[in-house]
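Asks: Only the shape, not the letters, is given here:
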C-alpha cells in the first residue's frame, strides 16, 4: 500500500509493482500528483502549475529515465536568467563556456568550479540523486572521474555557505549575484551551510541535463507515472484520505514527519515519535500565478530566452531577502519566476501567456506578498502590471491545505541545512525504515530531499523489497 501520490509515492508504487507486488495507492485529493499538478487557476484556457514547474531533477532522475514516460520535455534556449538593474542579464546556458563568457574576469573561476562537474555528471549523479544510500562503488567512480583533489574541493564548496563562497571565488557583482540566485533555491540564509551546494548543483544540472519542463504542464509528468502504474496492475484511489497506518506487508508513506506521526496513532516507540515531532521545517512560500495579455516585457533580452528567471539583483540584496524570509522585515523579496508559455503554446490562448512566481516567507506567514512580488517583477520588466488579466495567490496556509506535506508552506518538506541534509527525518543509518514492521517513509523528508525526481520513493521501495 502507498499513501500519497506525489512523485515519490508514485515512484515507490511503480517500483513495488515492477517487483510483482499488488499495489494500492491512496490519495486524499481529487487529483493525483502532489506538487506535480496543473490547473486553470486564473481563467479558462490558462494552464498553471500548482506547485513545481521546472524539472531539471525530473529529467535527471535515474528512475524516471528507465520508465520511458510519454512526456514531451521542452528545453528553453537558456536554462535560467538573472537580470540586473542596468538592463542586462546573465543566462545559464547549456555550454559552460557560453555562461562563463558573460562573467568577465570571473569566467575562469566559474569554468574551473562547474566545468568538471558538468562533464562528469554521470559519475557524480549517484552521490547526489541516489539511489540512497550511495554505494562505495559510486564514490569510487566519482573520485576516479574527477580526481580525489577536485572531488574534495567540490565537496568543500557544496557543504559551505553561499555568501562566503561567492565572495571568495568571484570578484564581480554579476558572478556573485548569478551564483546567489541559484543558491537561494535552498530556502536557507546564504550565510548558512550548505546553501552553496544548491547553487553548485543547479548550475551543474543546467549544463549537464538542462532545466526543462513537460509540455502541457507539470501534471503531464504525474499523468505519465499514474498510467505506468496502472499498466503494471496498480490500483489508484482518488479522494481517499488515510487516517491510520494500515497493517500490510509493505506501507510506503509519501508524507511528512508530522503526518506520519498522526497516522501512527501512538504506535511508534516514544523515542522515534519524539524525533519525528522535533523535525524542523523551513520558510514557507507565497505564490502568484498570472494570466497575461502578452509576454513579460523584460529589459534584458536574455530573460526572454529562459523559462526560469531569478529576480533579486545583487548578492547583498538576495542575502538580505533570504534572511528576512526567516526573521521578517520590510525587504524586497527574492523572486523565482517561471514563464513556460514562452516556449509552450499549450499553456494559454493565442497571443496570451501564463507566468508563475513565488518568494520565501516565514513559515506559516499570513502576510500578503502579492504587491511586493509584482513590484520586483516590474523592477526588471516595466509595464508588467498592465498585462495582468487575472491572478491567483497561494499563501503558506493555502499550500498546506492543498498538500499536508507543505507544513507552514514549506514546499521542501523540511529545512535542508546540514543537520537535516543527510539524516532526514531522523538520525538513523537507514532513514526510510520506521520502527513499525513493513512501514516506510518516502517523502521529500527523506534523502535526497526536495525536488521532482522520485528517488526518495524508489530508494524506500528498494529497501522494502530487500526486507521482504
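Replies: Alright, I've got the coordinates. Predicted model only: the values in this text are computed from it and were never measured. Residues are numbered from 1 along each chain as shown.
Asks: Could I get the full set of strands for the stretch 101-250 of the chain?
Replies: Secondary structure of the stretch 101-250 of the chain (DSSP state E, counting those that start in this stretch): strands at 213-214, 235-237.
Asks: Does anything pack onto the first one? Which helices or strands?
Replies: When contacts are defined as 3 or more C-beta pairs under 8 Å, 6 or more residues apart in numbering; DSSP states H and E, strand 213-214 sits against strand 73-74. Glycine gets a C-beta too; all of them are placed from N, C-alpha and C.
Asks: one more time with 6 Å
Replies: The contact analysis (3 or more C-beta pairs under 6 Å, 6 or more residues apart in numbering; DSSP states H and E) places strand 213-214 against no helix or strand.
Asks: contact partners of it?
Replies: 54-55, 71, 74, 220-221, 340 (C-beta atoms under 6 Å, 6 or more residues apart in numbering).
Asks: Kindly report the same for stretch 232-248.
Replies: 1, 3, 13, 17, 23-28, 30, 263-265, 439.
Asks: go on, stretch 442-457?
Replies: Residues outside stretch 442-457 that contact it (C-beta under 6 Å, 6+ apart) are 7-9, 11-12, 36, 52, 55, 57-58, 61, 63-64, 129-130, 132, 252, 254-257, 405, 412-414, 416, 424-425, 431-432, 460.
Asks: pLDDT averaged over that stretch - what is it?
Replies: The average pLDDT within stretch 442-457 is 94.
Asks: mind checking the end-to-end distance for it?
Replies: 5 Å (C-alpha to C-alpha, to the nearest Å).
Asks: ok, back up a step: in helices only, show me the contacts of stretch 232-248.
Replies: 13, 17, 263-264 (DSSP state H).
Asks: what bits of the stretch 301-450 of the chain have low per-residue confidence?
Replies: The stretch 301-450 of the chain contains residues with pLDDT under 70 at 328-329.
Asks: returning to that earlier point: just checking, which of the contacts of strand 213-214 belong to helices?
Replies: Those of those lying in helices (DSSP H): 220-221.
Asks: Could you single out the nearest of the contacts of strand 213-214 to residue 90?
Replies: Nearest to residue 90 among the contacts of strand 213-214: residue 54, at 17.5 Å, using C-beta to C-beta.
Asks: who's in contact with that closest one?
Replies: By C-beta under 6 Å, 6+ apart, the neighbours of residue 54 are 211, 213, 308, 338.
Asks: do the same with residue 150
Replies: By C-beta under 6 Å, 6+ apart, residue 150 lies in contact with residue 116.
Asks: Equivalent analysis for the one 10 residues further on, please.
Replies: With contacts defined as C-beta under 6 Å, 6+ apart, the neighbours of residue 160 are 193, 196.
Asks: picking up where we left off before, most neighbours, which of the contacts of residue 54?
Replies: Per-residue neighbour counts (other C-beta atoms under 10 Å) across the contacts of residue 54 peak at residue 213, which has 30 neighbours.
Asks: got any ranges where the stretch 151-300 of the chain has weak pLDDT?
Replies: In the stretch 151-300 of the chain (pLDDT under 70), no residue qualifies.
Asks: Show me where the stretch 351-468 of the chain has its helices.
Replies: In the stretch 351-468 of the chain, the helices defined using DSSP state H, counting those that start in this stretch lie at 370-380, 396-402, 418-421, 455-467.
Asks: buried stuff in the last one?
Replies: In terms of neighbour count (16 or more other C-beta atoms under 10 Å), helix 455-467 has its buried residues at 455-464.
Asks: Looking at the contacts of strand 213-214, which one is closest to residue 137?
Replies: Closest to residue 137, out of all of those and judged by C-beta to C-beta, is residue 55, at 27.8 Å.
Asks: Check the closest one and give its pLDDT.
Replies: Residue 55 is assigned 94 on the pLDDT scale.
Asks: Quick check: closest non-adjacent residue to it.
Replies: Nearest residue to residue 55, sequence neighbours excluded (C-beta to C-beta, 6 or more residues apart in numbering): residue 452, at 5.0 Å.
Asks: Could you give the number of residues near that neighbour?
Replies: 26.
Asks: Relative to residue 30, how far out is it?
Replies: The gap separating residue 452 from residue 30 is 21 Å, by C-beta to C-beta, to the nearest Å.
Asks: again with residue 451
Replies: The gap separating residue 451 from residue 30 is 25 Å, by C-beta to C-beta.
Asks: who's more crowded, these two?
Replies: The residue with more neighbours, out of residue 451 and residue 30, is residue 451; 25 against 8, by other C-beta under 10 Å.
Asks: okay, now residue 401: neighbour count?
Replies: Residue 401: 11 neighbours (other C-beta under 10 Å).
Asks: how near is the residue nearest to residue 55 to residue 417?
Replies: For residue 452 relative to residue 417 (C-beta to C-beta), the value is 21 Å.
Asks: for residue 284, same thing?
Replies: Separation of residue 284 from residue 417 (C-beta to C-beta): 16 Å.
Asks: same thing with residue 116?
Replies: According to C-beta to C-beta, residue 116 and residue 417 sit 26 Å apart.
Asks: Which one's more surrounded, those two?
Replies: Taking other C-beta under 10 Å, residue 116 and residue 417 do not tie; residue 116 has more neighbours (20 against 17).
Asks: what residues are up against the more buried one?
Replies: Neighbour list for residue 116: 146, 150 [criterion: C-beta under 6 Å, 6+ apart].
Asks: That one and residue 292, how far apart?
Replies: Distance, residue 116 to residue 292, by C-beta to C-beta: 40 Å.
Asks: Kindly report the same for residue 300.
Replies: Counting by C-beta to C-beta, the gap from residue 300 to residue 292 is 18 Å.
Asks: same thing with residue 221?
Replies: From residue 221 to residue 292 the distance is 24 Å (C-beta to C-beta).
Asks: Who has more neighbours out of the two?
Replies: residue 221 (29 against 22).
Asks: Run through the bridge partners of the closest residue in space to the more buried one that isn't next to it in sequence.
Replies: Of all residues not flanking residue 221 in the chain, residue 214 sits nearest, at 5.0 Å (C-beta to C-beta, 6+ apart). Beta bridges link residue 214 to residue 73 when assigned by DSSP bridges.
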